[in-house]
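**Q** Whatever this is, show me its structure:
(2 chains, ligands or ions: 2)
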Amino acid sequence: MIGVELSKLFRRPRTWLTLVLLDALPTVVAILLATTHLGPRPGQGPAFLSAVLTNGSLFAVAALAIVLPLFLPIAVAVVAGETVAGEAQSGTLRYLLIRPIGRTKLLVAKLISVFSFVMAAVVLVAGTGFVVGRLLLGHQPLSAAVSSVSGSQLTPAQIAFRTLLAVGYVGVSMLGVAAMALFLSTLTDSAQSATLGALAFLIGSSLLLTLDAATSLQPYLPTRYWLSFVDLFRDPMLLRNVERGIGLQAVYVAILLGAAWANFVTKDIKS
Amino acid sequence: MIRTEGLTKRFRSVSAVSGLDLDVRAHDIYGFLGANGSGKTTTVRMLLGLVLATSGSIEVLGHQMPKAASTVLPRVGALVEGPAFYGHLSGQANLAIFDASGPAGSRRTRSARIHEMLDTVGLSEIGRRPVKAYSLGMRQRLGLAAALVRAPELLILDEPTNGLDPQGIHEIRQLLLELNRLGTTIFLSSHLLAEVEQLCTRVGVIDRGRLVVQDSLANLQAPTGRTMLSTPEVATAMAILNGRVVSSDGPRLIVQGADPAELNALLVGHGVRVDELGPERRSLEQVVLELTAARSDHTERP
Ligand SMILES: Nc1ncnc2c1ncn2[C@@H]1O[C@H](COP(=O)(O)OP(=O)(O)OP(=O)(O)O)[C@@H](O)[C@H]1O
Ligand SMILES: [Mg+2]
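**A** Residues are numbered from 1 along each chain as shown, chains lettered A, B, ... in the order given. Ligands and ions are numbered 1, 2, ... in the order given. From the prediction side, this is the model:
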């Protein structure tokens, strides 16, 4: 069943189009940087963009930072919003359920396929970033040490390890949005509505983060700790916010999936 | 095979199905007849556990639904309100996906079963093209193939001939008759009287959510105890039969008495020529119209 869900996801041309678009943005940025050599000054623009001009390997992380605020969550919301509502819209949901597939099982399979998509997307962005960065930017040898965000030197092995952690963390950060879109996907029979609802949730959260009046709410906003993956590149690693970020996503996922499950197992399938 | 008691479904204030007592027996071809909006699809959805009943009980293949869905549904093939597929994939790939999604679809025999089924419904040449390029009737055929691909004991088909051409309807009818002969019980909903008349052994008629009759087709079409007669010499015949004629319509007369032979002897004895003579049988259409009309007389709502 899970295999079938995965094959459905990755046999859909739209999935691949989304992944290509997701990789296109960092690639364009890399080309621009390589041709102009105009990196943002340190502390401005997306994280790590000033450092990549000297060391292209860092562009893996920079690429994550570029897609993180908008491109990646949109892609995740599209795919997760599609899961149940898309099947309802096309009418295939009723045929899956009478096949029969238990409703809980279907939801779990959908969840796993969304999670696989998120991880595939993040890994692909980081991988593309690495390759593009090596090809176009800072041609330092792979073995050269890299300055951390705190200014000290990190060995290539440390950078590689921390990049992997960052990939994992960014993936986990997307789970709240994914769970929201999945929940909405069980509520409505329109994939678009579910996606837009999840994006509204995301944009609302980002907006409240910029508002001083919302300070008391901010620790609970799903996007609050997204950029904390930068802390992984401090020396020593600063894990407090990363841990909070993971905990917060876990809470969102548990609540929203609980709601999705409660709604879906008792729902009249009228599509 | 299917037995419901007091099956009721309300959508908010709308009562879609009320107090339905269905009884579908093994080896029946059961025709579930009803006008648009009478509750056929809602009933089918409840039988399959897609929609939860407001009250009443459902037993399918001897088990309670929807509680026993995981044991019942692998033995059931169904078409609910038209087929549905993944448009970008081929017909073959669609059948394979559905087959692989649930139990009782052996991977070893999958491709053989699918090919055989595509062949049976006449899609063998087109099975590789994406479904979005299929016509309405081709999709309907593919939907039937999907319902049949695991040789179910019970087929629940909601308007199976929707969108098919006369040739297709004929083929599907032959296919269903053949499956029934081999032991498959078939429950099919339809608003087409002729279809049910040609195919079904038992009939249930649903009108605005209520079952108004459930009986074998033979019983419903039983002779009425009158004789139908057609003659070019209507006036003479009426004079001879004086008083026994119930109604006349052009050359056709309906005459009291269930013995065509006696009537024939009488008329021929008087030199009246007879074109046609036989016991009067009501058509399913008449039965249904009478029953539903009777109901509308008694319903208080406008
Ligand atoms: N999702 C729904 N919400 C509210 N009412 C509904 C819903 N689905 C069906 N109904 C109502 O239930 C009744 C029965 O509908 P149903 O679809 O079962 O009819 P049907 O016999 O299948 O008709 P048709 O021949 O047109 O397919 C109708 O009055 C319809 O308006
Ligand atoms: Mg219907």
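
**Q** Identify the residues contacting residue A:194.
**A** Contacts for residue A:194 (C-beta atoms under 8 Å, 6 or more residues apart in numbering or on different chains) come out as A:80-82, A:85, A:181, A:184-185, A:187-188. From N, CA and C alone the C-beta is placed, and that goes for glycine too.

**Q** What sits closest to the closest residue to chain A within the stretch 101-250 of chain B if chain neighbours are left out?
**A** Taking C-beta to the nearest C-beta as the measure, the point where the stretch 101-250 of chain B comes nearest chain A is residue B:102, at 3.4 Å. Leaving out its chain neighbours, the residue that sits closest to residue B:102 by C-beta to C-beta, 6 or more residues apart in numbering or on different chains is residue A:99, at 3.4 Å.

**Q** Kindly format the C-alpha coordinates of stretch B:234-247 as PDB.
**A** What follows is stretch B:234-247 as a C-alpha-only set of coordinates in PDB (Å, rounded to 0.1, in the frame of the first residue of the first chain):
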ATOM      1  CA  VAL B 234     -63.300  -4.100 -33.600                       C
ATOM      2  CA  ALA B 235     -67.000  -3.200 -33.700                       C
ATOM      3  CA  THR B 236     -68.200  -6.700 -34.500                       C
ATOM      4  CA  ALA B 237     -65.900  -8.200 -31.800                       C
ATOM      5  CA  MET B 238     -67.200  -5.700 -29.200                       C
ATOM      6  CA  ALA B 239     -70.800  -6.600 -30.100                       C
ATOM      7  CA  ILE B 240     -70.100 -10.300 -29.700                       C
ATOM      8  CA  LEU B 241     -68.200 -10.000 -26.500                       C
ATOM      9  CA  ASN B 242     -70.800  -7.600 -25.200                       C
ATOM     10  CA  GLY B 243     -69.900  -6.400 -21.800                       C
ATOM     11  CA  ARG B 244     -66.700  -8.300 -21.300                       C
ATOM     12  CA  VAL B 245     -64.500  -5.600 -23.000                       C
ATOM     13  CA  VAL B 246     -62.700  -3.700 -20.300                       C
ATOM     14  CA  SER B 247     -61.000  -1.200 -22.600                       C
END
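
**Q** Pull the contacting residues for the residue of the stretch 1-150 of chain A found nearest ligand 1.
**A** Closest residue of the stretch 1-150 of chain A to ligand 1, C-beta to the nearest ligand atom: residue A:88 (12.2 Å). Residue A:88 sits next to A:189, A:269, A:271 when contact means C-beta under 8 Å, 6+ apart.

**Q** Give the rounded mean pLDDT of the helix or strand residue A:199 falls within.
**A** Residue A:199 is part of helix A:191-209, with elements assigned from DSSP states H and E. The average pLDDT within helix A:191-209 is 95.

**Q** what do you get for stretch B:223-243?
**A** Here stretch B:223-243 scores 85 as its mean pLDDT.

**Q** Now do the end-to-end distance for it.
**A** 21 Å (C-alpha to C-alpha, to the nearest Å).

**Q** quick one: which of the contacts of residue A:88 is nearest to chain B?
**A** Here the nearest of the contacts of residue A:88 to chain B, counting by C-beta to the nearest C-beta, is residue A:269; it sits at 4.1 Å.

**Q** ok, now which ones touch that closest one?
**A** Applying C-beta under 8 Å, 6+ apart to residue A:269 gives the contacts A:88, A:93-94, A:97, B:45, B:50-51.

**Q** One more: residue B:84?
**A** Residue B:84 is in contact with A:90-92, A:94-95, B:143, counting by C-beta under 8 Å, 6+ apart.

**Q** What's the separation between residue B:25 and chain A?
**A** Residue B:25 sits 22 Å away from chain A, taking C-beta to the nearest C-beta, to the nearest Å as the criterion.

**Q** wouldn't that residue be in contact with residue B:1 here?
**A** Yes: using C-beta atoms under 8 Å, residue B:25 is in contact with residue B:1, at 6.4 Å.

**Q** if we can go back for a sec, list the buried residues for the helix holding residue A:199?
**A** For helix A:191-209, the neighbour count (16 or more other C-beta atoms under 10 Å in any protein chain shown) marks A:191, A:194-199, A:201-202, A:205-206, A:208-209 as buried.

**Q** do stretch B:284-293 as well
**A** B:284, B:287-288, B:292.

**Q** For the residues you listed, give me JSON lines that also has distance to chain A.
**A** Below are these laid out as JSON lines (distance: C-beta to the nearest C-beta, whole Å):
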{"residue": "B:284", "distance to chain A": "29"}
{"residue": "B:287", "distance to chain A": "31"}
{"residue": "B:288", "distance to chain A": "27"}
{"residue": "B:292", "distance to chain A": "26"}
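
**Q** Report pLDDT for residue A:43.
**A** At residue A:43, pLDDT is 67.

**Q** circling back to that earlier point, among the contacts of residue A:269, which are located in strands?
**A** If you go by DSSP state E, the contacts of residue A:269 have nothing in strands.

**Q** wait, which of those is closest to residue B:223?
**A** Nearest to residue B:223 out of the contacts of residue A:269 is residue B:45 (C-beta to C-beta; 38.0 Å).

**Q** Once you drop chain neighbours, what's closest to that closest one?
**A** With sequence-adjacent residues excluded and distances taken as C-beta to C-beta, 6+ apart, residue B:45 is closest to residue B:51, at 4.0 Å.

**Q** do residue A:133 as well
**A** Spatial nearest neighbour of residue A:133, excluding adjacent residues (C-beta to C-beta, 6+ apart): residue A:59 at 2.6 Å.
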